[in-house]
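Peer 1: A predicted structure for the sequence below; I have some questions about it.
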Amino acid sequence: MSEIKNLTKKIVKFNKARDWEQFHNPKDLALSLSLEASELLEHFQWKSKKEMEKYIKSDKKHVAKELADVFYWVLLMSYYLKIDIAKALEKKMKENEKKYPVEKAKGKNLKYNKL
């Protein structure tokens, strides 16, 4: 079993033990994901590049917790929507390789339709 599946299984077991499945509809899962992503962003808000680099070194464990919360909701949402998130990511990376070929995109921050 893959690491993603193992992690997802742990998350689902955790939620089932607390009878939280009743709250896990697509809207609320997406809201929770967005809220956790916003909490991750708070760690970087109003910081210069230099301040962010210092903060990441000193507070990496707090950033890691928020990033883990985002990952938690991604895995839970993919479980309930029956999306194999690893396969979805593989497919998306293949699409991105076509949209952003190295010879056109290397060193550029432009959207694919502007390359």
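Peer 2: All right, it came through fine.

Peer 1: which helices and strands sit right next to the helix ranked longest in the chain?
Peer 2: Looking across the chain with DSSP state H, the single longest helix is helix 49-80. Contact partners of helix 49-80 among helices and strands, from 3 or more CB pairs under 8 Å, 6 or more residues apart in numbering; DSSP states H and E: helix 3-17, helix 26-42, helix 85-99. (Glycine included, C-beta is placed from N, CA and C.)

Peer 1: and those helices as CSV, adding mean pLDDT?
Peer 2: Listed next are the helices and strands packed on helix 49-80 as CSV, based on pLDDT from 0 to 100:
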stretch, mean pLDDT
helix 3-17, 97
helix 26-42, 97
helix 85-99, 96
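
Peer 1: possible to save the ones you listed as TSV with distance to Ser78 and mean neighbour count?
Peer 2: Shown next, in TSV, are the helices and strands packed on helix 49-80 (distance: least, CB to CB, whole Å; neighbours: other CB atoms under 10 Å):
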stretch	distance to Ser78	mean neighbour count
helix 3-17	7	13
helix 26-42	9	14
helix 85-99	4	11
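
Peer 1: Dump those to TSV, plus distance to Glu66.
Peer 2: Compiled in TSV, those are given as follows (distance: least, CB to CB, whole Å):
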stretch	distance to Glu66
helix 3-17	16
helix 26-42	4
helix 85-99	19
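
Peer 1: give me phi/psi at Lys111?
Peer 2: Backbone torsions for Lys111, taken as degrees, to the nearest 10, come to phi -70, psi 150.

Peer 1: ok, back up a step: what mean pLDDT does the longest helix of the chain have?
Peer 2: Helix 49-80 carries an average pLDDT of 96.

Peer 1: what helix or strand is the most far-flung residue of the chain relative to its centre on?
Peer 2: For the chain, the C-alpha farthest from the mean C-alpha position belongs to Glu103; by CA atoms, centre = their mean, that distance is 27.8 Å. In the assignment (DSSP states H and E), Glu103 maps to helix 102-105.

Peer 1: circling back to that earlier point, ok, the residue farthest from the centre of the chain - contacts?
Peer 2: By CB atoms under 8 Å, 6 or more residues apart in numbering, no residues touch Glu103.

Peer 1: ok, so what distance separates it from Met93?
Peer 2: 17 Å (CB to CB, to the nearest Å).
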